[in-house]
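A.B. asks: Fold the following for me, if possible:
(one chain, ligands or ions: 3)
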Amino acid sequence: MTHSLTISRPDDWHLHLRDGAMLDAVCGYSSHFGRAIIMPNLVPPVVTAEQAAAYRDRILAARPEGMTLRPLMTLYLTEATNPADIVAAHAAGIISAVKLYPAGATTNSASGVRDFDKARPVFDAMAEAGIPLCFHGEVTDPEVDIFDREAVFIDRVLEPIRRAQPALRVIMEHITTKDGADYVRSGDNIAATITTHHLVINRNHILVGGIKPHYYCLPVAKRESHRLALREAATSGDGRFFLGTDSAPHPDHAKESACGCAGCFTAPNTMSILAHVFEEDGALDKLEAFTSLNGPAYYGLPVNADKIRLVKRDTPAAYPAKIQAGDETVTVFDPGYPLYWHVEDAQ
Ligand SMILES: NC(=O)N[C@@H](CC(=O)O)C(=O)O
Ligand SMILES: [Zn+2]
Ligand SMILES: [Zn+2]
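C.D. replies: Ligands and ions are numbered 1, 2, ... in the order given. Alright, predicted model coming up:
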């Protein structure tokens, strides 16, 4: 039996496209998406409107022929960020959001924020201008267990910031816990992205039977009960949860290392995996809300006017196990099962 489903073109509300040869190699794999929030954690980070505009132009130039993805740019918040610069970049249409990395929390986050009080003037200006703030929500305190860092971030950092500035529009990026999902449901002006891979893997996938570097990302996947809580949130249709793939390519040599870096590259098979996951949970009717409706509603943008079609066939969808990026390879996320949902453009 062939099933098919036509949905508004999805958006990716959290995407790493990198730069240079890696950008050229990965950009085309996000072609099913209408728009993507582009993460600013380049080396050096994207901290000025000029850098964001130049990066946007490099992304537009890297799109293969016929690809329509519109990059929505972000600025990387540092302790030196001037509130007026953010407001001006947003008013000029150069940026759609600002990204806050706690210093040292994840890949290329060394220039992030250490003392959150220093960013209060930025939070106030963003609240007034209605600019969304995306958080990598983990504390970096070495005393806090890595599996607890998201939950502790909510209590120690996010809740005090939101209490001081309730009008700030917050997105908790890539939530990995039931705590995160529950917190998002508990208030106003808060939403969360959920990645494809956190709907598929728990921490056993990373550690049982040998260490699997290609399943290591940050925040690290948690125990099964948390994965199930994320599945419930994503497939519920609740407008506060939407897709941010966090597709984060790294060269294989950097991941398959004694100190392997964090990130899963999911762009090539994300929509096929999501259709599989939503079908498994009897929630295919909620897929469009998660991938195509809830994100634009929270960001105050229109839903994409065009559509894509997902077709379930008897033969698995083909995607590469690895891609070439310059003289390096990048491994594509393996969900561990064949994917029968194929993605097509629809009229
Ligand atoms: N998610 C990851 O594990 N890695 C991301 C950074 C991030 O989103 O935290 C990356 O840039 O590689
Ligand atoms: Zn992150
Ligand atoms: Zn990310």
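
A.B. asks: List the contacts of the worst-scoring helix or strand of the chain on mean pLDDT.
C.D. replies: Counting by mean pLDDT, DSSP states H and E, the chain has its least confident helix or strand at strand 341-346, which shows a mean of 88. For strand 341-346, contacts defined as Cβ atoms under 8 Å, 6 or more residues apart in numbering pick out 6, 32, 271-272, 275-276, 279, 306-313, 317. Where you see a C-beta, it was placed from the backbone N, CA and C, and this is true even at glycine.

A.B. asks: can you give me the helices for the stretch 51-200 of the chain?
C.D. replies: Secondary structure of the stretch 51-200 of the chain (DSSP state H, counting those that start in this stretch): helices located at 83-91, 120-129, 149-153, 159-164, 178-185.

A.B. asks: that older thread, select only the buried ones of the contacts of strand 341-346 in PyMOL?
C.D. replies: Selection of buried members from these for PyMOL, criterion 16 or more other Cβ atoms under 10 Å:
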select buried, resi 32+271+272+275+276+279+307+308+310+311+312+317
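
A.B. asks: Now, the contacts of strand 341-346 that are in helices?
C.D. replies: M271, S272, A275, H276, E279 (DSSP state H).

A.B. asks: pretty sure A221 is touching H198, no?
C.D. replies: Yes. Between A221 and H198 there is a contact under Cβ atoms under 8 Å: 6.0 Å.

A.B. asks: what is in contact with these two at once?
C.D. replies: Joint contacts of A221 and H198 (Cβ under 8 Å, 6+ apart) are T176, R227.

A.B. asks: give the contact list for the residue of the stretch 101-250 of the chain found nearest ligand 2.
C.D. replies: Nearest to ligand 2, among the residues of the stretch 101-250 of the chain, is H136, at 3.6 Å (Cβ to the ion). By Cβ under 8 Å, 6+ apart, the residues touching H136 are K99, L100, Y101, P102, A105, T106, S109, G112, E173, H174, L218.

A.B. asks: contacting residues for the third one?
C.D. replies: Residues near Y101 by Cβ under 8 Å, 6+ apart: N41, Y76, L77, S109, S111, G112, V113, H136.

A.B. asks: go on, the fourth one?
C.D. replies: Listed by Cβ under 8 Å, 6+ apart, the contact partners of P102 are S109, G112, V113, R114, H136, E138, V139, T140, F153, V157.

A.B. asks: Could you identify the most distant pair in the contacts of H136?
C.D. replies: G112 and H174 (15.4 Å; Cβ to Cβ).

A.B. asks: quick one, which of those two is more surrounded?
C.D. replies: More neighbours surround H174 than the other of G112 and H174, with 28 against 22 (other Cβ atoms under 10 Å).

A.B. asks: Return the residues of the stretch 201-347 of the chain in contact with ligand 2.
C.D. replies: Within the stretch 201-347 of the chain, no position is near ligand 2 by Cβ under 5 Å from the ion.

A.B. asks: near ligand 1, which residues of the stretch 201-347 of the chain show up?
C.D. replies: Contacts of the stretch 201-347 of the chain with ligand 1, taken as Cβ under 6 Å from any ligand atom, map to C217, L218, D246, A248, A262, G263.

A.B. asks: again, 8 Å this time
C.D. replies: Residues of the stretch 201-347 of the chain lying close to ligand 1 (Cβ under 8 Å from any ligand atom) are Y216, C217, L218, P219, D246, A248, P249, H250, C261, A262, G263, C264.

A.B. asks: thought the first one was touching A262?
C.D. replies: Yes. With contacts defined as Cβ under 8 Å, Y216 counts as touching A262 at a distance of 5.7 Å.

A.B. asks: of those two, who's got more company?
C.D. replies: When neighbours are counted by other Cβ under 10 Å, Y216 and A262 differ, and Y216 comes out ahead with 21 against 16.

A.B. asks: what residues are up against that one?
C.D. replies: I206, K255, G260, A262, C264.

A.B. asks: Recalculate using a threshold of 7 Å.
C.D. replies: Contacts for Y216 (Cβ atoms under 7 Å, 6 or more residues apart in numbering) come out as I206, G260, A262.

A.B. asks: For the first one, which non-adjacent residue is spatially closest?
C.D. replies: What sits nearest to I206 in space, not counting adjacent residues and going by Cβ to Cβ, 6 or more residues apart in numbering, is Y215, at 4.6 Å.
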